[in-house]
Each structure stands twice: as C-alpha cells, then as structure tokens.
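Enquirer: Can you look at this prediction? I've put the sequence above it.
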Amino acid sequence: DAGVIQSPRHEVTEMGQEVTLRCKPISGHDYLFWYRQTMMRGLELLIYFNNNVPIDDSGMPEDRFSAKMPNASFSTLKIQPSEPRDSAVYFCASSSIRGLAGTTTGELFFGEGSRLTVL
Amino acid sequence: SQKIEQNSEALNIQEGKTATLTCNYTNYSPAYLQWYRQDPGRGPVFLLLIRENEKEKRKERLKVTFDTTLKQSLFHITASQPADSATYLCPGGANNLFFGTGTRLTVIP
C-alpha cells in the first residue's frame, strides 16, 4: 500500500486566498483525521471522520476552516479566506478500528503533510 | 480535563547512553498508551503500544513501561545512536488522539 497520500506537499499563497488540502487515506481504513502542527502548539487535532461522517470537529479553529469526506478514499480541508496565522504543516492520518478490540493497536498512519505558508 | 504531558521539550544525551522520556497523565485512566516518532519534515510514525495490564513492552532497543500508580509511562532507548535523534510523542485523551509538542531527543556523537 502507498500509505496516506497528501497534496500538495507545499503551498504558498497570499492572505485572503482559498486553500484546499487533499488526502487519500489507506484503503480499508474507516477513520480519517486532520491535524495541524506548529512549533508553539504542537500537533493539534482539527477534525476526524468515521465512515465518511464527521465525528468531532471541535478542534476546527473557526468558520474559515471546513473539511469534507465525500467518499472513503478522499478528503479535503479547506481554508477560506486564509490568514498568515494559518501557516503550519497540516497532516492527514487514517486508522482502522479505534480502541482495544482484538489485537489492533489503534495506531494512526500519517501522511507526509502539507506545508502551508500564507503571506 | 483529561491531560497528558511529556516532562521535557528537549533532551540531549551522549551516544551509547540510555535515553529516558516521560509521559504523565492526569484526570483519567487510559486503557493503553502509545509512543510515536517524528522526524523533521515527516509525519509521526507509530512505535509501540502498552496496555494498562502490561508493565513493560520491548521492541529491539526500545522499552516502554506503564505505571498506573504513578500515572506515568516511560520510554527508554538503550545504546542510543545519532539516528535515534527525533521528536517522540505520546498521545493522550479520548482514544489517544491528542499529541501535543512531544520531546525532541538529540543524541550527540
């Protein structure tokens, strides 16, 4: 398997522009997570989906952020309008079977991230 | 609120020594804890999971302990090497989804 695939790897945009980040989870995984990482705040959970349905979006900073998962193999995180303080690395992760059932570890598989710079 | 904290932002040790990183949790009793490694410019990678009924788990030069009395997990890297330099994270909270800033380990040759 190719792992979690994110695009673009790097994005530089100007304040006020719309930004769309994309993620393809590992096939067969039923959970998808979006994280944001900065030096100051570390890795923060923004939102996660189970079977394409948003479960918890309490980490989404504000209404400028939105996430969708139209099918099991694709998700987007959109920022509109973007601001300089949104500059960060955004990670997508996927997982299967949360919790302790059976022998699963509940581990998250992360993509390589999308580095966003808003000027 | 449920909280998990790593006791230091950065740790420097000499090559060959044992590195020990600490994760403390408060206001909840996790059924298991995980440890991840993150290299610069990459996403975190899962290393080990330890359950509450396990005292210790090993994988090659890595060892994780779980002390439910002290509410603490220790992560050890024995015979450390410069290649072990990375940020190590122990997520906490509900379903272990909250990562924080981790501990940046530097192994000095």
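Expert: Looks like it came in fine.
Enquirer: What sits closest to the residue in chain A that chain B sits nearest to if chain neighbours are left out?
Expert: Proximity of chain A to chain B (CB to the nearest CB) peaks at A:Phe110, 3.0 Å away. Just so you know, the C-beta spots here come from the backbone N, C-alpha and C atoms, and that holds for glycine as well. Spatial nearest neighbour of A:Phe110, excluding adjacent residues (CB to CB, 6 or more residues apart in numbering or on different chains): B:Gly43 at 3.0 Å.
Enquirer: I'd guess that neighbour is in a strand, am I close?
Expert: No. Assigned with DSSP: H, G, I helix; E, B strand; the rest coil, B:Gly43 falls outside any strand and is coil.
Enquirer: For it, give me its contacts.
Expert: Counting by CB atoms under 8 Å, 6 or more residues apart in numbering or on different chains, B:Gly43 touches A:Val4, A:Phe91, A:Ala93, A:Phe110, A:Gly111, A:Glu112, A:Gly113.
Enquirer: And it, how far from B:Thr78?
Expert: Between B:Gly43 and B:Thr78 the computed distance is 26 Å (CB to CB, to the nearest Å).
Enquirer: Neighbours of the residue of chain A closest to chain B, how many?
Expert: 24 (other CB atoms under 10 Å in any protein chain shown).
Enquirer: same question, B:Leu62
Expert: B:Leu62 sits with 18 neighbouring residues when counted by other CB under 10 Å.
Enquirer: And B:Arg58, by the same measure?
Expert: Neighbour count of B:Arg58, defined by other CB under 10 Å: 12.
Enquirer: Now it. Nearest residue, chain neighbours left out?
Expert: B:Val64 (7.8 Å).
Enquirer: next one: A:Gly42
Expert: B:Thr101 (3.4 Å).
Enquirer: gap between the one you found and B:Ala19?
Expert: B:Thr101 is 17 Å from B:Ala19, by CB to CB.
Enquirer: A:Ala2 now?
Expert: 32 Å.
Enquirer: With A:Pro54 instead?
Expert: A:Pro54 is 39 Å from B:Ala19, by CB to CB.
Enquirer: The two: which is more packed in?
Expert: More neighbours surround B:Ala19 than the other of A:Pro54 and B:Ala19, with 23 against 14 (other CB under 10 Å).
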